[in-house]
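Q: following is a predicted model, sequence given first.
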Amino acid sequence: MSDLFTARTEEKLLSVAPLATRMRPRNLDEMVGQPGLLKAGAAFRRMLEGGHPASMILWGPPGTGKTTLARLVAAHSDAAFETLSATSAGVKDIREVLARARQRLETDEKRTVLFLDEIHRFNKGQQDSLLPGVEDGTIILIGATTENPFFEVNSPLVSRSTIFRLEGLRPEDIEALVDRSLTDQERGLGAQELEIEAAARADLAQRTGGDARLALNSLEVAAALATGRASTVIEDADVEEALQQRVIRYDKTGDQHYDVISAFIKSMRGSDPDAALFWLHLMINAGEDPEFIARRMIVFASEDVGLADPWALQIAVAASAALAHVGLPEASYNLTQACIYLATAPKSNSVARAIGAASDAVAAANSPRVPLHLLSSGGKGYKYPHDAPGGVVAQRYWPEGDEPQILYHPSEAGFEAKIAERQHLADETLGKKPR
């Protein structure tokens, strides 16, 4: 009787649930995306269909199917399914789940899948409380996280789990979900007999960032807007209003913090000011620390532009100073100006290469000694360069006891070409081989 009551309660809850929850895939055939996990022969699919899963961590962006895959694992292994969220659960809740799991094993030999959402939010002690149940097989732990588990999950737990990486859904996957939701009579919006404009469908698929949950919840709002104006066609304006100012998925302390700054730096290095501006303002709008952005541009000015444009460093430092003086949002002008300048400047990594070469030379040096004529006490034999024609005089500047090396190799880019030309003349006087 209790099972019947529970089933009716779940059915009632499902009927009032958001569209994304109602349309949650019930089997592998309804899954879209994640070909790396679900294609024939993939390790995850073999494990799922084999019915003997091990504990695992599902790592990927929001709305990519982590909860659904956990439910399918439980269904395929005929296991009980328990779910906790690390945002609200504690050690007491874990102990209660473990106790119920042991009871199931003792009474009907049924295993338990514990789905722990946002596992990275558990502290070390809370994560450690899971270890006994994972080690003795009392539970099959499926942790879900949007963060890199190798950084955010305790190593003992990681070593006892298989890591599966999920990717954001492709636009064509989202469009397939939209079409299915509009035609599904049982769980979707099929009873409303709605259509969606091609442009609206494409916009929804592109702007939801591979997040199926966000896409379907936005579709539900857009459908309500269309119905509210007595239309059976969902237009692009409905989708636009449903999405409104979509929350930018950006975690300042997570992987995206590093991925986005990497994309920003590489776009400037690749001389693409448009892409660089996109990543810059993604960070600014998402609340990234602007001082962090400014520091990275200062480094970039020497690492990737360098002497090809010596003024790049001044521009980057000036943008950082402007940020300190006026703050955001006004300093976005200064950061944008610096971004465009750095992206469009000639590029040279000669400074970075010189650092590496100098470090190697120092490490290999044989107890370097300052030549006598270079001593601070006024060593004999020092020749004053300003007294020589061209301001260069032939004498040893390299440490005694070590063979002189060429560490700086100027590029032919921008202003550095002039430096290369000038240094070539100096090298001839110094008796150095060509750089």
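A: Thanks, I have the structure now. Numbers count the residues shown, from 1 in each chain.
Q: mind listing the strands for the stretch 1-150 of the chain?
A: Secondary structure of the stretch 1-150 of the chain, counting by DSSP state E, counting those that start in this stretch: strands at 56-59, 80-85, 112-117, 139-145.
Q: which secondary structure elements does the shortest one contact?
A: When contacts are defined as 3 or more Cβ pairs under 8 Å, 6 or more residues apart in numbering; DSSP states H and E, strand 56-59 packs onto helix 66-76, strand 139-145, strand 162-165. All C-beta atoms are positioned from the backbone trio N, CA, C, and that covers glycine.
Q: residue 203: which of these is closest?
A: Proximity to residue 203, assessed across the helices and strands packed on strand 56-59 by Cβ to Cβ, is greatest for helix 66-76 (24.8 Å).
Q: leaving out chain neighbours, which residue sits closest to residue 362?
A: Among residues not flanking residue 362 along the chain, residue 368 sits closest, at 7.9 Å (Cβ to Cβ, 6 or more residues apart in numbering).
Q: need phi/psi at that neighbour.
A: Reported as degrees, to the nearest 10, the phi and psi values for residue 368 are phi -60, psi 140.
Q: hang on, it packs against residue 403?
A: No. Residue 368 is not in contact with residue 403 according to Cβ atoms under 8 Å; the separation is 11.5 Å.
Q: more neighbours: these two, which one.
A: residue 368 (12 against 8; other Cβ atoms under 10 Å).
Q: what residues are up against the more buried one?
A: Shown in contact with residue 368 (Cβ atoms under 8 Å, 6 or more residues apart in numbering): 362, 399, 400, 401, 402.
Q: so for it, what's the pLDDT?
A: With respect to pLDDT, residue 368 scores 79.
Q: ok, now which ones touch residue 66?
A: Residue 66 makes contact with 58, 60, 117, 144, 166, according to Cβ under 8 Å, 6+ apart.
Q: same thing but 6 Å
A: By Cβ atoms under 6 Å, 6 or more residues apart in numbering, residue 66 lies in contact with 58, 144.
Q: any idea how far the residue nearest to residue 362 is from residue 393?
A: According to Cβ to Cβ, to the nearest Å, residue 368 stands 22 Å off from residue 393.
Q: that older thread, in ChimeraX, how would I select the buried members of the contacts of residue 368?
A: To isolate the buried ones among those in ChimeraX, judged by 16 or more other Cβ atoms under 10 Å, type:
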select :399
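Q: coming back round to it: for the strands of the stretch 1-150 of the chain, which one sits closest to residue 357?
A: Ranking the strands of the stretch 1-150 of the chain by proximity to residue 357 (Cβ to Cβ) places strand 56-59 first, at 39.0 Å.
Q: and residue 178, how far from residue 194?
A: 11 Å.
Q: looking at these two, which is more packed in?
A: Each of residue 178 and residue 194 has its neighbours counted (other Cβ under 10 Å); residue 178 has more, 27 against 20.
Q: residue with max distance from the center of the protein?
A: Going by Cα atoms, centre = their mean, the residue of the chain most distant from its centre is residue 380, 59.3 Å out.
Q: give me the pLDDT for it.
A: 80.
Q: and what of residue 9?
A: 54.
Q: repeat for residue 294
A: Turning to residue 294, the model gives it a pLDDT of 94.
Q: tell me which residues touch it, please.
A: Residue 294 touches 319, 320, 323, counting by Cβ under 6 Å, 6+ apart.
Q: where does residue 181 land on pLDDT?
A: pLDDT, residue 181: 95.
Q: got the phi/psi numbers for it?
A: Phi and psi for residue 181, reported as degrees, to the nearest 10, are phi -70, psi -30.
Q: since we're on it, how many residues are nearby?
A: Neighbour count of residue 181, defined by other Cβ under 10 Å: 23.
Q: correct me, but it touches residue 25?
A: No. With contact defined as Cβ atoms under 6 Å, residue 181 does not reach residue 25; the gap is 11.9 Å.
Q: Serialize the strands of the stretch 1-150 of the chain to TSV and add fields for mean pLDDT.
A: Shown next, in TSV, are the strands of the stretch 1-150 of the chain (pLDDT from 0 to 100):
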stretch	mean pLDDT
strand 56-59	94
strand 80-85	93
strand 112-117	95
strand 139-145	94
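Q: where in the stretch 151-300 of the chain is pLDDT low?
A: Applying pLDDT under 70 to the stretch 151-300 of the chain flags residues 245-256.
Q: I'd say residue 129 and residue 90 touch.
A: No. The pair residue 129 / residue 90 is not scored as a contact, 8.9 Å apart, by Cβ under 6 Å.
Q: neighbour count winner among those two?
A: Between residue 129 and residue 90, counting by other Cβ under 10 Å, residue 129 is the more crowded of the two (17 against 14).
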